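Novice: Coordinates for the following, if possible.
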Amino acid sequence: MIAALLLGLSIAAASFAVESALLSRAHSNRVDDVRNTLRGAHDLISVRQQAASRRAASLAARREVLSAFVRRDATALRVIAAGDPDVGFILWNGRTIGRSAIDLPHAAITVFSGGRKAGQVVVAARPDVPLLEQARRQSPATGLFTTVGGRLAAASPSLGGRAVAHVLAHDLTGSTILSQNGHAATILYAYRARWGIPLRWLWPVLIGLVAALIAFRVIGKREVRRRAEPLPTTVRDAVALVGETLAATHNPDALLPVILQASVEATGAAGGTITADGVQLAGRGRTAADAPGKLEVPLEVSEGRPAVMTLYPASAGFDPEAKDAAAWIAAQALIALENARLHGQVQRQAVTDELTGLANRRSFLARLDAEVVRSRRSGSPLGIVLADLDDFKRVNDTYGHAAGDRALRSFAEIVHSSSRDVDLPVRLGGEEFAVLLPDTDLDGAAQLAERIRESLEVASIDYEGASISLTASFGVSCFPSTASAEDLLADADRRLYDAKRRGKNTVVASNGQGPVPLG
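Specialist: Residues are numbered from 1 along each chain as shown. This next block holds a predicted model:
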C-alpha cells in the first residue's frame with residue numbers, strides 16, 4: 001500500500017511538472033505570436049498609408065480637382081467622391097465631402113489656390129478585414145481587430161458577438177495607436193486566448209489510490225485555474241500603467257522608468273535597474289550587484305537592441321507568483337516598446353521626404369503656421385527661402401532618373417549643411433526645396449540663399465563617370481513684411497519666378513513692395 005501510494009505520488013508530481021513547463025512555454029509562444037502578428041499588421045497598414053499618400057497627391061494634381069477647388073465647385077468634388085468610397089474632400093469652409101473624409105487613419109494633401117489654402121484631398125487608409133486576414137496568415141490562432149473612437153471597425157476573425165471590452169479583459173492582447181484625431185483614436189489590437197493544457201491523460205488511474213489521485217488532480221486543476229484566471233490586481237494595475245503611459249507618450253525613454261516601476265511594485269522588489277550594453281537606462285529603489293536571489297528578465301529597446309531588467313528582492317528571493325508577474329509585465333513591455341518604435345517610424349515617414357531625408361511639404365506647412373503665430377506674438381522676424389533647381393529635366397533626360405535622384409540628394413545635403421539647427425530645410429516636391437528660418441530677417445535669409453546658390457554652383461556631382469553641374473534659383477521673403485503664412489509663401493514663390501525670369505541661378509528677395517535681385 002505504501003509502495004503504491006509513493007508510485008501515485010511520483011506519477012502525479014511528474015505530470016504536474018510536465019504540465020507546468022508546457023503551460024509556461026505555451027504562454028511565451030502566445031506572447032511572441034501576438035507581438036509578431038501585431039508588428040506584421042502594422043507594417044501592412046504603413047504600406048497602405050504610404051499608398052494613400054501617393055494617391056492623394058496624384059488626385060490633388062488632377063486638372064478637374066484643382067479646377068473644382070479654384071471655382072469652389074462643391075458639386076464637382078461630390079461627383080468625384082461618389083465614384084470612390086475611399087476618396088473625400090475637405091472644403092474651403094471646413095465641410096467634408098465623402099465618407100472617407102472623417103475616416104481614420106487617412107492621408108490628406110492640401111490644395112492651394114492663389115497662394116491660399118483651398119482645401120484638402122483625403123484618401124482613406126483604414127485597415128479592412130482582407131488586410132487583417134493577410135496579417136494573420138503566419139499565425140491563424142491570433143486574432144486582429146481595429147476600433148475607431150472605442151467602437152469596433154473591423155475584425156478577423158469575427159468576434160462572434162463578444163464585446164471588445166470582454167476580449168481585452170480575458171485574452172492576451174497587444175495594441176498600437178494608428179492615428180489620433182481629438183478623442184477619436186484608431187487602435188489596432190492583436191489577441192490570443194489564454195488557455196491551459198490540462199494533460200489529464202497523464203493522470204494515472206490506480207485503483208486503491210483514488211484518494212491520492214483526487215488530491216493531486218485538485219492541486220493540478222487549482223494551478224491551471226490560477227494561471228488561467230485574470231492576473232492579480234497588482235499585476236493588472238502595472239500592465240494598465242504601462243498601457244496608459246504608451247497612450248500618453250511613444251517615447252521609449254519615457255516608457256522604461258514606468259516599466260521598471262511597475263515591475264518593482266508588482267513583485268515587491270526592493271529596487272531594480274534596466275541596462276543595455278553595460279549602460280543603466282533606468283533605476284529604482286535599492287540595488288546591489290551582489291544581492292542573492294536577484295531576478296533578471298530580458299527586454300528589447302530601440303529596434304531589437306537587447307536589454308536586461310534586473311529586480312532585487314527585499315528579502316531572500318522571489319516566489320513563483322512574483323516571477324510570473326515580472327514575466328507578464330516584461331511581455332507587455334516588449335509590445336509597448338515595439339509599438340513606440342513603430343509609432344516613431346510612422347511619424348518620421350509622415351513628416352520626412354523618403355528620397356532626401358529632409359522634412360516634407362506636410363511638415364513644412366504645419367511648422368510654417370506655428371512659426372507665423374509665434375512671430376506675430378513675439379514680433380520676431382521669420383524668413384523663408386524657396387529654391388528650384390534650374391533645368392532639372394535635362395539631368396533626368398540625359399543621365400536617367402537614378403542620376404536625378406543622386407542630384408536631388410546632393411542638393412539636399414547642401415541645403416541641410418548650410419542651415420542652422422533651428423531652421424527647417426524641406427523638400428516640397430520634385431526639384432523644389434525650401435528653408436524656414438525662425439528669428440531671421442530678410443537680409444539673413446537672402447544671405448543663406450546666396451550661400452546655398454554658390455555652394456551648388458561650384459559643386460560637381462559624380463555619377464557613373466559623368467560630372468553633373470547644377471544651378472538653382474531662389475525666392476526670399478520675410479514675416480512680418482507679409483500678413484499671413486499664405487501671403488509669406490506666395491510672396492516667396494513670386495520672387496522665385498522673378499529669379500527664373502532674370503536668367504536663373506540667382507536670388508531675388510522681397511522688400512514687401514517689389515523684388516530686389518541678389519547674386
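Novice: buried set for stretch 383-390?
Specialist: Across stretch 383-390, burial judged by 16 or more other C-beta atoms under 10 Å covers Gly383, Ile384, Val385, Leu386, Ala387, Asp388, Leu389, Asp390. No exception for glycine: its C-beta is placed from N, CA and C like everyone else's.
Novice: Kindly apply the preceding question to stretch 50-63 instead.
Specialist: For stretch 50-63, a neighbour-count test (16+ other C-beta under 10 Å) marks Gln50, Ala52, Ser53, Arg55, Ala56, Leu59, Ala60 as buried.
Novice: Need those in TSV (columns: distance to Ala74).
Specialist: Below are these laid out as TSV (distance: C-beta to C-beta, whole Å):
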residue	distance to Ala74
Gln50	29
Ala52	23
Ser53	24
Arg55	21
Ala56	18
Leu59	16
Ala60	16
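Novice: any idea which of those is closest to Val308?
Specialist: Closest approach between the buried residues of stretch 50-63 and Val308, by C-beta to C-beta: Gln50, at 35.6 Å.
Novice: Does the helix or strand containing Ile384 pack against any helices or strands, and if so which?
Specialist: Element membership for Ile384 (DSSP states H and E) is strand 382-389. Helices and strands touching strand 382-389, by 3 or more C-beta pairs under 8 Å, 6 or more residues apart in numbering; DSSP states H and E, are helix 361-378, helix 401-418, strand 432-438, helix 442-458, strand 472-479, helix 485-501.
Novice: Among those, which comes closest to Val297?
Specialist: Short answer: helix 361-378, nearest of those by C-beta to C-beta, at 38.2 Å.
Novice: For that closest one, which residues meet the burial criterion?
Specialist: Judged by neighbour count (16+ other C-beta under 10 Å), helix 361-378 contains these buried residues: Arg361, Arg362, Ser363, Phe364, Leu365, Arg367, Leu368, Glu371, Val372, Ser375.
Novice: if I look at the nearest residue to the fifth one once chain neighbours are set aside, how far off is Lys504?
Specialist: Right, Leu365. Spatial nearest neighbour of Leu365, excluding adjacent residues (C-beta to C-beta, 6 or more residues apart in numbering): Thr110 at 6.2 Å. In this view, Thr110 and Lys504 are 28 Å apart by C-beta to C-beta, to the nearest Å.
Novice: ok, back up a step: got the angle for the strand holding Ile384 vs strand 432-438?
Specialist: Interaxial angle of strand 382-389 relative to strand 432-438 (axes from the mean of the first three to the mean of the last three C-alpha atoms, to 10 degrees): 160 degrees.
Novice: Give the pairing partners of strand 382-389; include direction for each.
Specialist: Applying DSSP bridges, strand 382-389 is found paired with strand 432-438 (antiparallel), strand 472-479 (antiparallel).
Novice: can I get the ones you listed in JSON lines with mean pLDDT, distance to Gly317 and mean neighbour count?
Specialist: Shown next, in JSON lines, are these (pLDDT from 0 to 100; distance: least, C-beta to C-beta, whole Å; neighbours: other C-beta atoms under 10 Å):
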{"stretch": "strand 432-438", "mean pLDDT": "95", "distance to Gly317": "57", "mean neighbour count": "24"}
{"stretch": "strand 472-479", "mean pLDDT": "93", "distance to Gly317": "65", "mean neighbour count": "28"}
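Novice: With distance to Ser139 as extra columns, can I get those strands in JSON lines?
Specialist: Listed next are the strands paired with strand 382-389 as JSON lines, based on distance: least, C-beta to C-beta, whole Å:
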{"stretch": "strand 432-438", "distance to Ser139": "44"}
{"stretch": "strand 472-479", "distance to Ser139": "51"}
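Novice: Of all the ones you listed, which one comes closest to Gln447?
Specialist: strand 472-479 (9.4 Å).
Novice: What is the distance between the closest one and the centre of its chain?
Specialist: 34 Å (C-alpha atoms, centre = their mean, to the nearest Å).
Novice: quick one: the strands in the stretch 151-300 of the chain?
Specialist: 151-156, 171-181, 184-193, 271-276, 279-285, 295-301 (DSSP state E, counting those that start in this stretch).
Novice: can you tell me which of those strands the model trusts least?
Specialist: The weakest mean pLDDT among the strands of the stretch 151-300 of the chain belongs to strand 171-181, with a mean of 72.
Novice: quick one: buried residues of that one?
Specialist: Neighbour-count burial for strand 171-181 flags Asp171, Leu172, Thr173, Gly174, Ser175, Thr176, Ile177, Leu178, Ser179 (criterion: 16+ other C-beta under 10 Å).
Novice: Relative to Gln138, which of these is nearest.
Specialist: Distances from the buried residues of strand 171-181 to Gln138 were compared by C-beta to C-beta; the smallest belongs to Gly174, at 15.3 Å.
Novice: Run through the residues that contact the closest one.
Specialist: By C-beta atoms under 8 Å, 6 or more residues apart in numbering, the contact list for Gly174 reads Val34, Arg35, Leu38, Tyr189, Ala190, Tyr191, Gln332, Ile335, Asn339.
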